[in-house]
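K.L.:
Test case, fold it:
(one chain, ligands or ions: 1)
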Amino acid sequence: MAVAPPLSSDAGTELSYFTNFISRLGRISLIILTVMENNKLKEQDFLVASISQLSISGSASPPVVARFRSDSLLFGSESDSEGAVQFDLSNCQLYKLGSARSLCMSEASDTNKEKSYSRGITIEFRNEEESTAFHRAFEQWKKEVAVQGSSLPNGIVSSSASKFDDKIEASSAKMYFHYYGQLLHQQNMLQDYVRTGSYYAAVLENRIDFTDRVVVDVGAGSGILSLFAAQAGAKHVYAVEASDMADYANKLISGNPSFSEKITVIKGKVEDVELPEKADILISEPMGTLLINERMLESYIIARDRFLVPKGKMFPTIGRIHMAPFSDEYLYIEIANKPVVDAFDPRLLVAPAISHVIDFTSAKEEDLYEFDIPLRFVSSTGTRVHGLACWFDVLFDGSTVQRWLTTAPGAPTTHWYQLRCVLAQPIYVMPGQEITGRLHMVAHKAQSYTLNLTLSAKMWGPGAEQGGILQTSSGKLDLKEPYYRMSQPQAYPMSQDQQPNQLLQTQDLQIQSHDEEASDLLQQSM
Ligand SMILES: C[S@@+](CC[C@H](N)C(=O)[O-])C[C@H]1O[C@@H](n2cnc3c(N)ncnc32)[C@H](O)[C@@H]1O
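P.N.:
Sure thing, here's the model as predicted:
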């Protein structure tokens, strides 16, 4: 795992860490441009170099002006105030085709529920800055039109309804996208070498799945996975990102001459945006703590249903949650009845793990609202069980190579660490004794889950066949609010063949790299 560089709030410094890392990883060189500042919505005309229409012959003769007026976008010659080509802002989309070239498309009226695009023009700007300013103005005007369009007769303005907004609290979503809108947090993920390196290897080892294919990057963040896909020969990549990170991604991608033509950054939620074509393959990193935290897997599945061709590929393809009972007296003294995020020694597990599989290619979005997992283990030792340890892995089921990304204890540590659900009371078990129970997880509106855990020690020895329960312990835990246990050295007993301090030394390294940022970086357990 890469040791994090000293943190800085200076965007330029963050950007250079970011690009150094990308360059090392993917040997991609990026030009860093100044960070954009927010622009206010103001009536504005844009002079563009030229426009050419896709479906109608003939184009306006230069100089061409693009005008935002009320709920319309008009393109026409400077002298023609009516405009030669008119788009309704409520149903048109703008795509970046290059640093100074864009595509504006409007939807046909919704005939068979399947949306199609009736009209499009390519716009050639005079330079990149003007292109960026135009895109920013377009976003602002679209927002304005959406709000106006949802004015209710009584004068109350409703926010635009979407599948995402219906099930997620606005305050949670706001914090969530604010968090991901900061380079510091994207950097934290990029620097997880196990994570980013696994994606890089999975994509590049399976070029055949990307070459000449249309790719959608679901929750593109900095755009790193889009760059990998483009590097693997994708025909076109649509990088969909809801947070302000989309603006940075746009800058970074348009600064990369070899790939910028192939990647279109689209700012918005995958639940809401429209794309001009279907995808052959989806790529995404939607995993949170315990795989399901953040509820982004639901967005991944929605993106599948909206954008993926039948039998299209998904990277990752499946995810598995692994669970095993553990014994940890030190942890229990420190905290009980809480989910805890840290890296633990796998020797604390008291039975082989069981797993629950989620197949991203076939799961329904609703399947992720609630999980009810029956638990059954056979203890390998006599001990006090303090709770259930959980981790996850995902599979990239490529046509050439199948690659797993694992967050298991004992494997190289990732920024997800592992999760342990600590019970309020331990249960006592003997070697060979059966431990049964249930993990019931219910999604809530704050983009996380309520965990209900029950573990029971079954009757053991004579009379065991009657199947009685000797002892039960239950807990209700909120996955949104785990205890991040990053700064406590954990004095695990050493096995004879292990060098003294070996574990502690490793932990010290992690502490150095994460101590200052732990509460912030892990607030949302990305
Ligand atoms: C875990 S990060 C991964 C970022 C990037 N793909 C990477 O691998 O470094 C998830 C990203 O998805 C974005 N995201 C989450 N839900 C989304 C949604 N419904 N629509 C669009 N973007 C979303 C977040 O803003 C965040 O940047």
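K.L.:
ok, for the residue in the stretch 51-200 of the chain that the ligand sits nearest to, nearest residue in space, not its chain neighbours?
P.N.:
For the stretch 51-200 of the chain, the residue closest to the ligand is Y180, as judged by C-beta to the nearest ligand atom, at 3.3 Å. In short, each C-beta sits where N, CA and C put it, glycine included. Leaving aside its sequence neighbours, Y180 sits nearest to S243 (C-beta to C-beta, 6 or more residues apart in numbering; 4.3 Å).
K.L.:
Look up how far A133 lies from that neighbour.
P.N.:
Computed with C-beta to C-beta, to the nearest Å, the distance linking S243 and A133 is 21 Å.
K.L.:
what do you get for V442?
P.N.:
46 Å.
K.L.:
Which one's more surrounded, those two?
P.N.:
A133 (15 against 12; other C-beta atoms under 10 Å).
K.L.:
so that one touches F46, yeah?
P.N.:
Yes - using C-beta atoms under 8 Å, A133 is in contact with F46, at 7.3 Å.
K.L.:
hmm, the longest strand along the chain touching the ligand?
P.N.:
Ranked by number of residues, the top strand in the chain under DSSP state E is strand 383-397. No - judged by C-beta under 6 Å from any ligand atom, strand 383-397 stays clear of the ligand, getting no closer than 12.2 Å.
K.L.:
Mind listing what's buried along that strand?
P.N.:
Of all the residues in strand 383-397, those buried under the rule 16 or more other C-beta atoms under 10 Å are 383, 385-397.
K.L.:
Now for this protein, the helix or strand with the poorest mean pLDDT.
P.N.:
The weakest-scoring helix or strand in the chain, judged by mean pLDDT, DSSP states H and E, is helix 502-514 (a mean of 27).
K.L.:
pLDDT score assigned to A170?
P.N.:
On pLDDT, A170 comes in at 97.
K.L.:
swap in the one 5 residues further on?
P.N.:
pLDDT for M175: 97.
K.L.:
Shouldn't it be within a strand?
P.N.:
No - using DSSP: H, G, I helix; E, B strand; the rest coil, the assignment for M175 is helix, not a strand.
K.L.:
Number of residues surrounding it?
P.N.:
15.
K.L.:
And H178, by the same measure?
P.N.:
That count, for H178 with other C-beta under 10 Å as the rule, works out to 12.
K.L.:
Could you list the buried residues of whichever strand or helix holds it?
P.N.:
Take DSSP states H and E as the rule and H178 turns out to sit in helix 170-180. In terms of neighbour count (16+ other C-beta under 10 Å), helix 170-180 has its buried residues at S172, A173, Y176, Y179, Y180.
K.L.:
can the following helix or strand past that helix be found next to the ligand?
P.N.:
Downstream of helix 170-180, the next assigned helix or strand under DSSP H and E is helix 183-190. Yes - interface with the ligand: helix 183-190 contributes M189, L190 (C-beta under 6 Å from any ligand atom).
K.L.:
Can you name the residue of the stretch 351-500 of the chain nearest the ligand?
P.N.:
Closest point on the stretch 351-500 of the chain to the ligand, by C-beta to the nearest ligand atom, is Q447, at 8.9 Å.
K.L.:
quick one: contacts for that residue?
P.N.:
Q447 sits next to I168, S172, A173, Y176, N293, E294, R295, K480 when contact means C-beta atoms under 8 Å, 6 or more residues apart in numbering.
K.L.:
Spatially nearest residue to the fourth one, not counting backbone neighbours?
P.N.:
Meaning Y176. The nearest residue in space to Y176 (C-beta to C-beta, 6+ apart) is Q447, at 5.9 Å.
K.L.:
Distance to E139 added to the contacts of Q447, as JSON lines?
P.N.:
Formatted as JSON lines, those follow (distance: C-beta to C-beta, whole Å):
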{"residue": "I168", "distance to E139": "21"}
{"residue": "S172", "distance to E139": "23"}
{"residue": "A173", "distance to E139": "18"}
{"residue": "Y176", "distance to E139": "19"}
{"residue": "N293", "distance to E139": "29"}
{"residue": "E294", "distance to E139": "24"}
{"residue": "R295", "distance to E139": "25"}
{"residue": "K480", "distance to E139": "30"}
